[in-house]
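[1] Predicted model and sequence below, questions to follow.
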Amino acid sequence: MYRILRTAAAAAGVATVSLTAATAAFAQMTMPEACKSDSSASGMMQMPGGGMGQMAEHQKAMMEGMRETEPAMMQGMMAKDPDVAFVCGMIAHHTAAINMSEVELTYGDDQEAKLMAEKIIAAQKKEIEEMTDWVKEHAK
């Protein structure tokens, strides 16, 4: 993944130093232990049993939601204008959050988690509208 991002950054004329700093910052991000799995211990997510076939339905749905938005996120971040790149990448990022929240509403049992998902969906949809309007006004 790092090589892909580094290659994309070089192609876009982005300084590799910035990408390295971002990668280092991500590596230092602290996740609660309960959020870590054996397959993510190396820092690279690996599919159980080598593919999605061994995943639970909610895991498959989460992965599909992320897979759907990743190309748009990468494409958006390649805009030449840094402000446009940020906002376009965030539109796709927020869409991924909505997808994950919808999976929670479908498969989750905990009412507090479902309430969080509903709040996320409402907030992210509003922000997507705002960002989409901004892009229409500012992208050249």
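    That came through, no problem.
[2] any idea how far residue 112 is from residue 133?
    32 Å (C-beta to C-beta, to the nearest Å). Using the backbone N, CA and C atoms, a C-beta is placed for each residue, glycine as well.
[3] hang on, I meant residue 123
    Counting by C-beta to C-beta - residue 123 and residue 112 are separated by 17 Å.
[4] quick one: which of the two has more around it?
    residue 123 (14 against 8; other C-beta atoms under 10 Å).
[5] in this protein, which spans are helices?
    Ranges of helices in the chain, per DSSP state H, are 2-11, 16-28, 57-77, 82-107, 111-138.
[6] Show me which residues of the longest one are buried.
    I take that to be helix 111-138. Buried residues in helix 111-138, counted by 16 or more other C-beta atoms under 10 Å: 117, 120, 121, 124, 128, 131, 135.
[7] tilt between it and helix 57-77?
    Angle of helix 111-138 versus helix 57-77, following axes from the mean of the first three to the mean of the last three C-alpha atoms, to 10 degrees, is 20 degrees.
[8] Columns pLDDT on top of the buried residues of helix 111-138, output as JSON lines?
    Below are the buried residues of helix 111-138 laid out as JSON lines (pLDDT from 0 to 100):
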{"residue": "117", "pLDDT": "98"}
{"residue": "120", "pLDDT": "98"}
{"residue": "121", "pLDDT": "98"}
{"residue": "124", "pLDDT": "98"}
{"residue": "128", "pLDDT": "97"}
{"residue": "131", "pLDDT": "97"}
{"residue": "135", "pLDDT": "96"}
